[in-house]
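K.L.:
The following comprises the amino acid sequence and a computationally predicted model.
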Amino acid sequence: MNEDNGSQNDEIGTGGDRDHSDASPRPGRRARNLARWDSTVLDADGEEDGDTGGAGDYDLKTVAKHLGLFLATVATVALTGASFVGFNASLFPLVMPSWPDFMRGLLFAALLLAFLGVHEFGHFFAAMKHKVRVSLPYFIPIPLGIGTLGAVIRIKERIRDTRKMFDVGVAGPLAGLVVSLAVLLIGFATLPDPSYIQNFEGHEAVKNYVAQNGVFPETPPEPASEESGGQGTLMMGETLLYSFLASFFENVPPMYEMYHYPFLFAGWLGLFFTALNLMPVGQLDGGHILYSLIGFRRHRTVARYTFAALTILAGIEAVPFIHQSLGDWDTSVGSLSWLLWAGGLYLLLRRAFHGDHRWVAPLLALSLVASAAWLYGWVGHFDTQHSLIWVFWCAFIAYFVGIEHPPVQYERHLDPVRRRLGWFSMGVFLLCISPTPLYFV
């Protein structure tokens with residue numbers, strides 16, 4: 001993910017369609033507003049005259065700070081990763097893993113951080129190529145979950161040219177995708193037979209089934225109550241690309257055991273994080289890419305409907321979670337849960353659409369109806385426990401990223417190679433996204 005510095009525009013809704021000239025800004029109020037921000041002149045090729053940017057900002061103190069964050073992230077990912085890939089159950093930071101399990105966690109950390117690092121340095125080197133001032137990657141450690149919130153770089157100046165913006169935006173996801181695919185293919189090619197699950201503490205029902213049949217059960221066996229801790233069995237969501245690759249190999253573990261395999265788990269996370277970054281909203285990588293492909297107005301429309309779709313997924317997660325949390329306080333059909341979620345959803349949409357009720361009201365109704373249709377018509381119950389990933393992601397976009405991409409001063413046609421890479425990236429988003437990334441059954 002890359003973070004633009006000072007790139008929000010207060011008059012984001014005033015832009016027009018794509019300007020087909022290569023070196024002159026769009027006329028009118030939008031161009032005048034942008035012209036106030038900077039007087040940089042583009043030469044005939046659209047390159048900036050003046051500040052070369054990029055180099056010279058990385059003194060020893062700065063490098064030490066970024067290296068310290070990276071090493072801290074290695075440690076947290078290794079320690080929390082041992083909870084997933086280690087043989088003995090340990091829940092860091094409550095319980096420290098054994099040394100062998102820590103080493104397995106360290107392997108997982110190396111694989112996951114290789115993906116994150118290559119993704120961010122893809123942005124970094126693309127920015128350097130275009131002489132855009134940019135920070136080194138900031139890795140974000142956290143002693144929970146998988147041990148990291150990811151990594152970001154900070155772009156220290158506005159990118160005023162869609163070709164530059166496209167190159168910086170697309171380089172990270174494509175570079176990271178290569179690493180994820182390599183990690184997955186190595187993992188699939190070196191899979192042990194199903195008896196490998198016998199090494200792990202717990203999982204008695206699965207172990208017994210494998211011992212008797214030599215294969216994993218197609219559906220997760222009902223765990224003992226003390227083994228599940230009342231939460232059920234953790235499931236990783238299917239993605240089209242993961243499932244396609246898995247179909248070529250034998251002994252592939254089911255999605256409720258996949259997270260015990262370092263290469264598979266790191267590769268799956270790499271695909272999913274790539275999809276999150278390629279989501280075509282705001283200033284996520286996918287927002288940069290799609291804006292460069294279709295222009296301000298079309299991107300604004302796509303981004304708004306994409307966010308609406310996200311709120312449907314968030315509702316499918318949130319309503320069962322609220323219903324289960326309320327217990328006897330709620331009705332059997334979840335009336336109070338729906339009321340509480342409708343209130344939260346209204347706040348999200350109001351923030352995301354800047355209080356424009358021409359969008360807020362219809363999308364609020366659409367989201368609630370679609371979520372209800374899925375839960376009542378397709379699933380038929382509220383028993384599934386979801387991770388609330390889409391709830392948090394909707395809040396992150398609404399309050400921090402924004403739905404709409406700020407207007408770019410110079411919108412230039414992309415050449416055929418860039419356009420093919422751009423649409424390929426949008427295809428990768430669809431292949432790597434999972435509507436239900438984490439849940440319990």
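P.N.:
Happy to help now that I have it.
K.L.:
which secondary element of the protein has the worst mean pLDDT?
P.N.:
helix 29-37 (a mean of 34; mean pLDDT, DSSP states H and E).
K.L.:
mind checking the SS state of Tyr439?
P.N.:
strand (DSSP: H, G, I helix; E, B strand; the rest coil).
K.L.:
where's it relative to Pro220, distance?
P.N.:
Separation of Tyr439 from Pro220 (Cβ to Cβ, to the nearest Å): 12 Å. For every residue, glycine as well, the C-beta is placed using N, CA and C.
K.L.:
joint contacts of those two?
P.N.:
Here Tyr439 and Pro220 have Met235 as joint contacts, going by Cβ atoms under 8 Å, 6 or more residues apart in numbering.
K.L.:
related to what we said a few turns ago, helix or strand next in line after the least confident helix or strand of the chain, which one?
P.N.:
Note on helix 29-37: by DSSP states H and E, the next helix or strand toward the C-terminus is helix 60-85.
K.L.:
what comes up buried for that following helix?
P.N.:
66, 69-70, 72-85 (16 or more other Cβ atoms under 10 Å).
K.L.:
How about stretch 187-207?
P.N.:
187-188, 191, 194, 197, 200, 203, 205-207.
K.L.:
gap between it and the chain center?
P.N.:
28 Å (Cα atoms, centre = their mean, to the nearest Å).
K.L.:
start to end distance for it?
P.N.:
21 Å (Cα to Cα, to the nearest Å).
K.L.:
Give me the mean pLDDT for it.
P.N.:
Summarised as a single mean, pLDDT over stretch 187-207 is 91.
K.L.:
List the residues that contact the nearest residue to Leu336 once chain neighbours are set aside.
P.N.:
Closest residue to Leu336 apart from its sequence neighbours, by Cβ to Cβ, 6 or more residues apart in numbering: Asp330 at 4.6 Å. Neighbour list for Asp330: 322-323, 336-337 [criterion: Cβ under 8 Å, 6+ apart].
K.L.:
repeat that with 7 Å
P.N.:
323, 336-337 (Cβ atoms under 7 Å, 6 or more residues apart in numbering).
K.L.:
Okay, and which of those map to helices?
P.N.:
323, 336-337 (DSSP state H).
K.L.:
Quickly note the distance from Ala211 to Pro194.
P.N.:
Shown here: Ala211 relative to Pro194, a distance of 9 Å by Cβ to Cβ.
K.L.:
what do you get for Ser425?
P.N.:
In terms of Cβ to Cβ, Ser425 sits 36 Å off from Pro194.
K.L.:
can you pull the contacts of Ser98?
P.N.:
Contacts of Ser98 by Cβ under 7 Å, 6+ apart are Asn88.
K.L.:
meant to ask about Thr384, not that
P.N.:
320, 439, 441.
K.L.:
And for the spatially closest residue to Thr239 that is not a sequence neighbour, the neighbour number?
P.N.:
Leaving aside its sequence neighbours, Thr239 sits nearest to Ser434 (Cβ to Cβ, 6+ apart; 4.8 Å). For Ser434, the neighbour count with other Cβ atoms under 10 Å is 19.
K.L.:
Doesn't Ser434 belong to a strand?
P.N.:
No. Looking at Ser434 with three-state DSSP, it is coil, so not inside a strand.
K.L.:
pretty sure it is in contact with Thr274, am I right?
P.N.:
No. Using Cβ atoms under 7 Å, Ser434 makes no contact with Thr274, being 11.7 Å away.
K.L.:
What are the buried residues along the helix or strand hosting Arg297?
P.N.:
Using DSSP H and E, Arg297 maps to helix 296-326. The neighbour-count check on helix 296-326 (16+ other Cβ under 10 Å) flags 296, 299-300, 302-304, 306-323 as buried.
K.L.:
So for that helix, mean pLDDT?
P.N.:
Here the average pLDDT along helix 296-326 is 94.
K.L.:
which strands and helices sit next to it?
P.N.:
For helix 296-326, the elements it packs on are helix 285-294, helix 335-352, helix 357-372, strand 385-386, helix 389-396, judged by 3 or more Cβ pairs under 7 Å, 6 or more residues apart in numbering; DSSP states H and E.
K.L.:
and Asp383, how many neighbours does it have?
P.N.:
Asp383: 12 neighbours (other Cβ under 10 Å).
K.L.:
Nearest spatial neighbour of it, chain-adjacent residues omitted?
P.N.:
Closest to Asp383 by Cβ to Cβ, 6+ apart is Pro320, at 7.4 Å.
K.L.:
and the one you found, how far is that from His119?
P.N.:
33 Å.
K.L.:
Gly295 touches Glu411, doesn't it?
P.N.:
Yes. Gly295 is within contact range of Glu411, at 6.2 Å (criterion: Cβ under 7 Å).
K.L.:
More neighbours: the two, which one.
P.N.:
Glu411 (26 against 20).
K.L.:
could you show me where the helices are in the stretch 101-250 of the chain, in order?
P.N.:
162-189, 204-213, 225-228, 240-246 (DSSP state H, counting those that start in this stretch).
K.L.:
Could you identify which of those helices has the lowest mean pLDDT?
P.N.:
helix 225-228 (a mean of 48).
K.L.:
Excluding chain neighbours, what is closest to Ser371?
P.N.:
Closest to Ser371 by Cβ to Cβ, 6+ apart is Gly315, at 3.2 Å.
K.L.:
where does the chain have low pLDDT?
P.N.:
1-57, 222-232 (pLDDT under 70).
K.L.:
Give me the most central residue, it.
P.N.:
Leu276 (2.5 Å; Cα atoms, centre = their mean).
K.L.:
Helix, strand or coil: sort out that residue for me.
P.N.:
Applying three-state DSSP: Leu276 is helix.
K.L.:
Next up, the contacts around it.
P.N.:
Here Leu276 is in contact with no residues (criterion: Cβ under 7 Å, 6+ apart).
K.L.:
Could you measure from it over to Glu120?
P.N.:
14 Å.
K.L.:
from memory Thr274 sits against Ser180, does it?
P.N.:
Yes. Contact criterion Cβ under 7 Å: Thr274 and Ser180 qualify, at 6.4 Å.
K.L.:
burial measure for the nearest residue to Leu310 once chain neighbours are set aside, as a count.
P.N.:
Spatially, and ignoring its direct neighbours in sequence, Leu310 is nearest to Cys394 (5.3 Å; Cβ to Cβ, 6+ apart). Counted with other Cβ under 10 Å, residues neighbouring Cys394 total 24.
K.L.:
With Met279 as the reference, measure out to the closest residue to Val391 other than its chain neighbours.
P.N.:
In space, and not counting its chain neighbours, Val391 is closest to Ala314: 4.5 Å by Cβ to Cβ, 6+ apart. Distance of Ala314 to Met279, given as Cβ to Cβ: 13 Å.
K.L.:
again, but for Phe87
P.N.:
Taken as Cβ to Cβ, the span from Phe87 to Met279 is 36 Å.
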